[in-house]
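Visitor: below is the structure, and that's it, no one-letter string:
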């Protein structure tokens, strides 16, 4: 079985004015909400075999928080620009190329791309994912390249407001 957890980055700041989009940092409340969601992931037994993040500061900071909470080695977080600027078919290529030894993949990215990707696997789909939201889908297959023709199941969809 293969599992994908798709994560939207935590709430970020627009300060200082004029900052490049990929340089925006997390707000303190975004950090706390991500830790809240991480607690849920721990209870669900989520153990990523591979974490891939956008290079944007807000996504990578979110990935670092999750890695710390889930005992994933920080230095093993892969950065892939496709997670930042898509399109989602390029992200699918990335997923299909995941080594088959990896059973659980976590991707930390941005809207609308991360929601579009989630909705390829979910029926019915979801509206735009909130910041710090995670959707996790499992596939009845042993090969990443076979997930398009595999039976899928939504394991959970969680966001901070659900956990208060």
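Guide: That came in fine, so what should we check first? From a predicted model like this one, the values you see are computed outputs, not experimental measurements.

Visitor: isn't residue 136 up against residue 156?
Guide: Yes. With contacts counted by C-beta atoms under 8 Å, residue 136 reaches residue 156, the gap being 5.3 Å. (Each C-beta comes from the backbone N, C-alpha and C, glycine too.)

Visitor: so between these two, which is more surrounded?
Guide: Set side by side, residue 136 and residue 156 give different neighbour counts by other C-beta atoms under 10 Å, the larger being at residue 136 (21 against 14).

Visitor: hang on, that one in a strand?
Guide: Yes. With DSSP: H, G, I helix; E, B strand; the rest coil as the criterion, residue 136 is part of a strand.

Visitor: mind listing the residues bridging to it?
Guide: residue 5, residue 156 (DSSP bridges).

Visitor: for it, list the residues it contacts.
Guide: Each residue near residue 136 by C-beta atoms under 8 Å, 6 or more residues apart in numbering is listed here: 3, 4, 5, 6, 44, 46, 154, 155, 156, 157.

Visitor: counting by contacts, list what the longest helix anywhere in the chain packs against.
Guide: With DSSP state H setting the assignment, residue counts place helix 28-43 as the longest helix in the chain. Under the contact definition 3 or more C-beta pairs under 8 Å, 6 or more residues apart in numbering; DSSP states H and E, helix 28-43 sits against helix 57-69, strand 134-139, strand 152-158.

Visitor: and of the ones you listed, who's closest to residue 111?
Guide: helix 57-69 (11.2 Å; C-beta to C-beta).

Visitor: after the closest one comes which helix or strand?
Guide: strand 78-79 (DSSP states H and E).

Visitor: which secondary structure elements does that next one sit against?
Guide: strand 50-53.

Visitor: and the strand it packs on, how far from the chain's centre?
Guide: When C-alpha coordinates are averaged (C-alpha atoms, centre = their mean, to the nearest Å), strand 50-53 and its chain have centres 8 Å apart.

Visitor: what's the angle between the helix or strand harbouring residue 116 and helix 57-69?
Guide: Secondary structure from DSSP H and E places residue 116 in helix 113-121. Inter-element angle recorded for helix 113-121 and helix 57-69: 60 degrees (by axes from the mean of the first three to the mean of the last three C-alpha atoms, to 10 degrees).
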